[in-house]
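Asks: Sequence first, predicted coordinates after that:
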Amino acid sequence: MAPVVVAESLTKRFRRLTAVDDLSFSLEPGSITGFLGPNGAGKTTTLRMLLGLTAPSSGRALVFGAPYAELARPALRVGAVLEATDFHPGRTGRNHLRTLGRSTGIADARVDEVLRLVELAGAAGRRVKGYSLGMRQRLGLAAALLGEPELLVLDEPANGLDPEGVRWLRDFLRAFAGEGRTVLVSSHVLAEVAQTVDRVLIVNRGRLVTEAPLDELTARVGGAIRVRTPKQAELEQALRAEGMEATSTADGVLLVPDTTTERIGDIAFAAGVPVHELTGERSSLEEIFLQLTEETEEGGE
Amino acid sequence: MIDQIRAELLKIRSTRTTLALLVGLLVLATAVTVLTGLLTKTGDLEAASDQRDLLGIGGFASLFALLAGLLVVTSEFRFGTIRPTLLFTPRRWCVIGAKLAASMLTGVALAAVTKAIVLAIGFAILEARGIPVALGGGGTTGLALRVLADAALWGGIGVGAAAIIRNQVASVIVVLAWLFVAESVLFGLVPSVGRFTPGRASDSVNGSSDDHLLPPVAGAAVLVGWVAVLVAAGVAVTARRDVD
């Protein structure tokens, strides 16, 4: 299948600063891609170039095979939320959506449908100035969903959401991608999207640092399985017999690199060793992220 | 384009800004007509030209149409709604074109309501004071049409100017300073040039009796020219500028 989004050597220079530097990537249909990098890495500028708001200094961005601005009624194919605050405070949530819907020939009935979907039906008749940040986030999402798009682009959607909101968004994006549709979601916190995305694009200083499936990233940069057992020595021996080298930590836990929880569980079972804890070392994701972005900083100058 | 115009009209109707402009305009129109109608001596209201002055009140609807046009563009940048607007309609000339149409219609609506009030109050006062109506129906209609056309064009000037200066406060200040300071100075010093400014062209459309002004038809043509130039420049600038 043809890629949904293609960025070819995208570059954006502001006076002295190169915000995005020769960035190339593509998105496959049905995937959820995390677009990650520290603040100021060029994520937002990249998204604005993808969506035709900002013109690239060189390179180009194609959405469904064409520059965004050349799509006829793009809202029917692409939904995007760039800022959580893009509303007229004196306009009601429903009217905000209706103004957008009208410009693309979307019926008012669809407006009420998306309001129910993001659970804002009760507040739809109120002016946006009375909305909480979480409600504004959902209203922005409702606008993006108006045209039943195949691609959803969200810039830092988790900012200002409470844990319940984050969970709601995660479930929503999973379901959305489950229907074969595509999501590109940016964040400066890897952990925030780690449970949602299939693959990551990591950028720093406008350059692409890494492009990989999430589990590959975990495995590549020291992802380890964490095992707690009262019979450490016996388990270590059993693992060594299988060619694995475990390291024991100060708090009495074994860390085993380059393997899976299933494999360790099987080995422990075969050796008759009781296991009290067996988890993937997901908490190290943030360290991976920092490590990757720091590496480029050292290499950069 | 029709879809975009419908969207822009709903934007205008769905905030209190337009309502505030309308209320301000009505209060002003009512007050000026009542005061003029009641305080002018009977002898100064009997001639057709005097009645024309009374019933011709309402040129300030154009100022409100101008403000409406400025706000239609600048509030999008002020509140960030320009981003979703352009995501839904990435062809920027189309967005500006729709705003132009919607603002001109708003100008007509503002002027029509103003005119209706001025005429109703004006005729009521003439009748109450027992002054016979000297102005013919054609003259009355002509006055009304001029105010409507003028307000429509000022709505267009507002959109064009705001597309060039998209900061709300800056655009309002620059436009008002131009109208009330720069134009007056220019017209006072060099009327042969000053009469081509939008404000003076508009005065001639509204039938102002200053000898230095252009004839009304020429004034209307000059005003249309200003709308065309400003909107064309606004479209060109909007197409090139990045939206942050």
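Replies: Happy to help now that I have it. What you are looking at is a predicted structure, and each value in this text was computed from that prediction instead of being measured. Residues are numbered from 1 along each chain as shown, chains lettered A, B, ... in the order given.
Asks: Just list the residues touching the most centrally placed residue in chain B, thanks.
Replies: Centroid-nearest residue in chain B: residue B:62, 2.1 Å away (criterion: Cα atoms, centre = their mean). Applying Cβ atoms under 8 Å, 6 or more residues apart in numbering or on different chains, one finds that residue B:62 lies in contact with B:107, B:111, B:147, B:150-151, B:153-154, B:202. Every C-beta, even on glycine, is put in place using the N, C-alpha and C of the backbone.
Asks: any idea which element residue 193 lies in?
Replies: In the absence of a named chain, chain A is used. Element membership for residue A:193 (DSSP states H and E) is helix A:190-194.
Asks: switch to chain B, that's the one I care about
Replies: Using DSSP H and E, residue B:193 maps to helix B:191-194.
Asks: Which elements pack onto that helix?
Replies: Helices and strands touching helix B:191-194, by 3 or more Cβ pairs under 8 Å, 6 or more residues apart in numbering or on different chains; DSSP states H and E, are helix B:183-189.
Asks: and the helix it packs on, which residues are buried?
Replies: Of the residues in helix B:183-189, those with enough neighbours to count as buried (16 or more other Cβ atoms under 10 Å in any protein chain shown) are B:183, B:186-187.
Asks: Summarise which helices and strands the helix or strand containing residue A:136 is packed against.
Replies: In this assignment (DSSP H and E), residue A:136 forms part of helix A:133-145. Packed against helix A:133-145, as judged by 3+ Cβ pairs under 8 Å, 6+ apart, are the following elements: strand A:78-81, helix A:93-103, helix A:108-117, strand A:151-155, helix A:163-178.
Asks: hmm, who's touching that helix?
Replies: Surrounding helix A:133-145, the residues in contact under the criterion Cβ under 8 Å, 6+ apart are A:79-81, A:83-87, A:93, A:96-97, A:100, A:114-115, A:117-120, A:123, A:128, A:131, A:152-154, A:157, A:159-162, A:165, A:169, A:172, B:84.
Asks: Can you say which of these are buried?
Replies: For these, burial is judged from neighbour counts taken by 16+ other Cβ under 10 Å, and it is met by A:79-81, A:83-87, A:93, A:96-97, A:100, A:114-115, A:118, A:120, A:123, A:128, A:131, A:152-154, A:157, A:161, A:165, A:169, A:172, B:84.
Asks: Going by residue numbers, what spans are helices in chain A?
Replies: Taking DSSP state H as the criterion, chain A contains helices spanning A:43-50, A:93-103, A:108-117, A:133-145, A:163-178, A:190-194, A:214-220, A:232-241, A:261-271, A:285-300.
Asks: Which ones among the contacts of residue B:62 map onto helices?
Replies: For the contacts of residue B:62, secondary structure assignment (DSSP H) places B:107, B:111, B:147, B:150-151, B:153-154, B:202 in helices.
Asks: ok, and the closest non-adjacent residue to residue 213?
Replies: Just so you know, I chose chain A. For residue A:213, ignoring the flanking residues on the chain, the nearest one in space by Cβ to Cβ, 6 or more residues apart in numbering or on different chains is residue A:199 at 4.7 Å.
Asks: The intended chain is chain B.
Replies: Here the residue nearest residue B:213, using Cβ to Cβ, 6+ apart, is residue B:204, at 4.1 Å.
Asks: That neighbour against residue B:215, yeah?
Replies: Yes: using Cβ atoms under 8 Å as the test, residue B:204 is close enough to residue B:215 to be in contact (6.7 Å).
Asks: Go through the helix-or-strand element of chain B with minimal mean pLDDT and flag the buried ones.
Replies: Taking all helices and strands of chain B together, the one with the lowest average confidence (mean pLDDT, DSSP states H and E) is helix B:48-55, at a mean of 84. The neighbour-count criterion (16+ other Cβ under 10 Å) identifies B:50-52, B:54-55 as the buried residues of helix B:48-55.
Asks: can you list contacts of stretch A:162-178?
Replies: Residues outside stretch A:162-178 that contact it (Cβ under 8 Å, 6+ apart) are A:30-32, A:134, A:137-138, A:141, A:152, A:157-158, A:161, A:183, A:185, A:192, A:195-196, A:198.
Asks: Emit the ChimeraX select command for whichever of the residues you listed are buried.
Replies: Typed into ChimeraX, the next command selects the buried ones out of those (criterion: 16+ other Cβ under 10 Å):
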select /A:30,31,32,134,137,138,141,152,157,158,161,183,185,192,196
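Asks: The closest residue to residue A:188 other than its chain neighbours: neighbour count?
Replies: The spatial neighbour of residue A:188 that comes closest, neighbours along the chain excluded (Cβ to Cβ, 6+ apart), is residue A:39 at 5.2 Å. Taking other Cβ atoms under 10 Å in any protein chain shown as the criterion, the count of residues near residue A:39 is 8.
Asks: wait, doesn't residue A:39 sit right on residue A:189?
Replies: No: Residue A:39 sits out of contact with residue A:189 when judged by Cβ under 8 Å, with a separation of 10.1 Å.
Asks: rewinding a little: will you turn the helices and strands packed on helix A:133-145 into a markdown table that also has mean pLDDT and distance to residue A:44?
Replies: Shown next, in a markdown table, are the helices and strands packed on helix A:133-145 (pLDDT from 0 to 100; distance: least, Cβ to Cβ, whole Å):
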| stretch | mean pLDDT | distance to residue A:44 |
| --- | --- | --- |
| strand A:78-81 | 96 | 12 |
| helix A:93-103 | 97 | 21 |
| helix A:108-117 | 96 | 24 |
| strand A:151-155 | 95 | 6 |
| helix A:163-178 | 88 | 19 |
